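Undergrad: Dropping a prediction and its sequence here:
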Amino acid sequence: MARVLQPTQPRPQPLWKGPLVAGLCFGVAYGVTQRLVSFNVAELIRFGPGFDVQVFPGTSLESLKLRFGDAQAEIRGDLELQELERQQEEEAKQREEEAKKAEERLQNAAQLEPLQDAEGSDAEPVVAPAPASAPVSTPKPKPKPQSKPKPQEKPPAIAPPLAAPQQLPAPLPPPAPQL
């Protein structure tokens, strides 16, 4: 039998040889570098002028402490604390305003009381209502200034309450028809 020759094809090269050679080269370079560093090459060879530690430009913390003192001060960065203080100040201002308004009402009531006594009316004196404590968070509108009564005018007299109910007269009979 005749032998058939098959065409020979080149065999592909394995892909793992290239990365293996590159890894070996990097490993040898790393080992040589480590060996040179361990021998302290810096003592044998001068690579040039070294960099000295320089002072950072500007004012240092130490110089500021020497200039202004080293007092322990609280660094205020707490916004909640600042907001709480601001609310307390507003509440104090509102309380002061309410106290002033209450004093004005009492003074107005004291001025109106002698006028009513001078009239000699049986009406009870008008007393200003006591200031009610309102919620702090809602601002109150400013009251309109009250006009003072003129001395010439008399304040309206209040009728005293009736002692007993009055009886109304009996209704009249309807008129008789005319013929």
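TA: Done, it's in. Residues are numbered from 1 along each chain as shown.
Undergrad: tell me what the lengthiest helix in the chain is packed against?
TA: Assignment by DSSP state H gives helix 79-119 as the longest helix of the chain. Contacting helix 79-119 under the criterion 3 or more C-beta pairs under 8 Å, 6 or more residues apart in numbering; DSSP states H and E is no other helix or strand. In this view, the C-beta of every residue, glycine as well, is placed from N, C-alpha and C.
Undergrad: pLDDT of it, averaged?
TA: Across helix 79-119, pLDDT averages out at 88.
Undergrad: And for stretch 30-50?
TA: Mean predicted confidence for stretch 30-50 is 79.
Undergrad: Tell me which residues are up against it.
TA: In this structure, no residues lie in contact with stretch 30-50 by C-beta atoms under 8 Å, 6 or more residues apart in numbering.
Undergrad: shift numbering so it begins at 15
TA: With 15 as the first residue, the last one maps to stretch 44-64.
Undergrad: Just the terminal-to-terminal distance for it.
TA: In stretch 44-64, first residue to last residue: 25 Å (C-alpha to C-alpha, to the nearest Å).
Undergrad: now do stretch 80-94
TA: 32 Å.
Undergrad: got it, and stretch 51-68?
TA: Span of stretch 51-68 from end to end, C-alpha to C-alpha: 26 Å.
Undergrad: next one: stretch 81-98
TA: Terminal residues of stretch 81-98 are spaced 33 Å apart (C-alpha to C-alpha).
Undergrad: Same question for stretch 22-42.
TA: Stretch 22-42: ends 39 Å apart by C-alpha to C-alpha.
Undergrad: Count the neighbours of Cys39 for me.
TA: 10 (other C-beta atoms under 10 Å).
Undergrad: swap that for Asn122, sorry
TA: 15.
Undergrad: now swap in the one 3 residues further on and tell me
TA: A total of 11 residues lie near Gln125 under the criterion other C-beta under 10 Å.
Undergrad: what do you get for Pro187?
TA: 6.
Undergrad: For it, which three-state class applies?
TA: coil (DSSP: H, G, I helix; E, B strand; the rest coil).
Undergrad: State the pLDDT value of it.
TA: 75.
Undergrad: Repeat that for Pro174.
TA: 53.
Undergrad: swap in Pro169?
TA: 53.
Undergrad: Please apply the same query to Val35.
TA: pLDDT, read off for Val35, is 95.
Undergrad: Tell me the spacing between it and Glu127.
TA: 114 Å (C-beta to C-beta, to the nearest Å).
Undergrad: How about Val51?
TA: 103 Å.
Undergrad: Between the two, tell me which one has more neighbours.
TA: Ranked by neighbour count (other C-beta under 10 Å), Val51 and Glu127 place Glu127 first, with 13 against 10.
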